[in-house]
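In: here's my sequence, what's the structure:
(4 chains)
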2 protein chains.
Amino acid sequence: MAVHIMTTLAYVGEKTSSESLALSVGTNPVVVRRLLGELNRAGLIRAERGKAGGFTLARGSKEISLLDIYRAVTDEQDLVSLHENPENRKCPVSCNVRGVLAAHLQKAQCVFERELEKVMLVDLEREM
Amino acid sequence: MAVHIMTTLAYVGEKTSSESLALSVGTNPVVVRRLLGELNRAGLIRAERGKAGGFTLARGSKEISLLDIYRAVTDEQDLVSLHENPENRKCPVSCNVRGVLAAHLQKAQCVFERELEKVMLVDLEREM
DNA sequence: ATAAATGTAACTAAATTAGTTACGATAAGA
DNA sequence: TCTTATCGTAACTAATTTAGTTACATTTAT
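Out: Residues are numbered from 1 along each chain as shown, chains lettered A, B, ... in the order given. This is a model prediction of the structure:
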């Protein structure tokens, strides 16, 4: 939904209300505003309040990547997470798998993010 | 948890019960058996029933990758999913973003999976 | 003053997940 | 053959997450 919202803002190119955005996304304006709140805190959009308020991109669609959006709305740091069950001190696997696995997962997440980083909002606009 | 289980099987190297595995993972044997069920259906382990039953790897730890395990226990096809709200026919963004975005996400997921594919169970064993 | 918009809290409903209990089926071994 | 240890799986519970919804205070243009 966040990408949908951002792409709409890029496409429309002018100040847009949460209600218009909700019409495009097919959901409730409050749901949209919640996402816009996170996008705003991440500095990706600008919000204006009061009558004639609305939302615009904070910078050009050439300067906003899918990774920017992904990070703005994701609170989990990790794409796939480790279990958090208690360690069994007597078992070397129990004590060490998570650390070892975490390193490999982090590498995989890293290449995933590098890929998202390559795609800019303007690319989505163009390809539509 | 699935990786923890598989690494334990590799490390122990002999038939192991769901109860032992549960001790290592720090959870309930039933939770472990549910995961073992999926790993079994994926052909990654062998299960023996009855008294003196238990679980072993179906092939060497050099021949099992993190991607194999990931796929075995993941029912979602996609790492990150698209919203499923109704389309707004009047809005070209609404009609087209998802398709365009899906292509890029698929590419990113692909590099993620290629990375998991490089890591074999034996690597985790060694690094522990 | 009024109207139209954002920001956000509080609640609901649905979906997911881990954990748990229970029990049938299977197979080894006395 | 009986007993026992084990898997396989269904059914239930509790916790967590998510989207959606209602409501309302705040802000700003006219």
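
In: gap between residue A:14 and residue B:111?
Out: For residue A:14, the distance to residue B:111 equals 36 Å [Cβ to Cβ, to the nearest Å]. (C-beta placed from N, C-alpha, C; glycine too.)

In: for chain A, which segments count as strands?
Out: A:45-48, A:54-57 (DSSP state E).

In: most tightly packed of the ones you listed?
Out: strand A:54-57 (a mean of 19; mean count of other Cβ atoms under 10 Å in any protein chain shown).

In: for chain B, tell me whether it is touching it.
Out: No. Applying Cβ under 8 Å from any Cβ of the partner chain, one finds strand A:54-57 separated from chain B by no less than 13.8 Å.

In: point out the residues in chain A that sit beside DNA strand D.
Out: By Cβ under 7 Å from any atom of the strand, the part of chain A that sits against DNA strand D consists of A:1, A:26-28, A:30-31, A:48-53.

In: show me which of those residues are buried.
Out: A:1, A:26-27, A:31 (16 or more other Cβ atoms under 10 Å in any protein chain shown).

In: can you name the farthest residue from the center of chain A?
Out: residue A:90 (40.9 Å; Cα atoms, centre = their mean).

In: gap between it and DNA strand D?
Out: Counting by Cβ to the nearest atom of the strand, to the nearest Å, the gap from residue A:90 to DNA strand D is 18 Å.

In: then residue A:125?
Out: Residue A:125 is 23 Å from DNA strand D, by Cβ to the nearest atom of the strand.

In: residue A:119 too?
Out: According to Cβ to the nearest atom of the strand, residue A:119 and DNA strand D sit 21 Å apart.

In: OK, contacts around that residue?
Out: Contact partners of residue A:119, counting by Cβ atoms under 8 Å, 6 or more residues apart in numbering or on different chains, are A:65-66, B:104.

In: try 6 Å
Out: A:66, B:104 (Cβ atoms under 6 Å, 6 or more residues apart in numbering or on different chains).

In: I figured residue A:2 hits residue A:74, correct?
Out: No. With contact defined as Cβ atoms under 6 Å, residue A:2 does not reach residue A:74; the gap is 9.3 Å.

In: who's more crowded, the two?
Out: Counted by other Cβ atoms under 10 Å in any protein chain shown, residue A:2 and residue A:74 do not tie: residue A:2 has more neighbours, with 21 against 13.

In: report the contact partners of that one.
Out: Contacts of residue A:2 (Cβ under 6 Å, 6+ apart): A:35, A:69, A:73.

In: got these as CSV, with pLDDT and distance to residue B:57 columns?
Out: Putting the contacts of residue A:2 into CSV (pLDDT from 0 to 100; distance: Cβ to Cβ, whole Å) gives the following:
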residue, pLDDT, distance to residue B:57
A:35, 98, 44
A:69, 98, 41
A:73, 97, 39
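
In: what's the burial count for the closest residue to residue A:91 other than its chain neighbours?
Out: Nearest non-adjacent residue to residue A:91, counting by Cβ to Cβ, 6 or more residues apart in numbering or on different chains: residue B:24, 4.6 Å away. For residue B:24, the neighbour count with other Cβ under 10 Å is 26.
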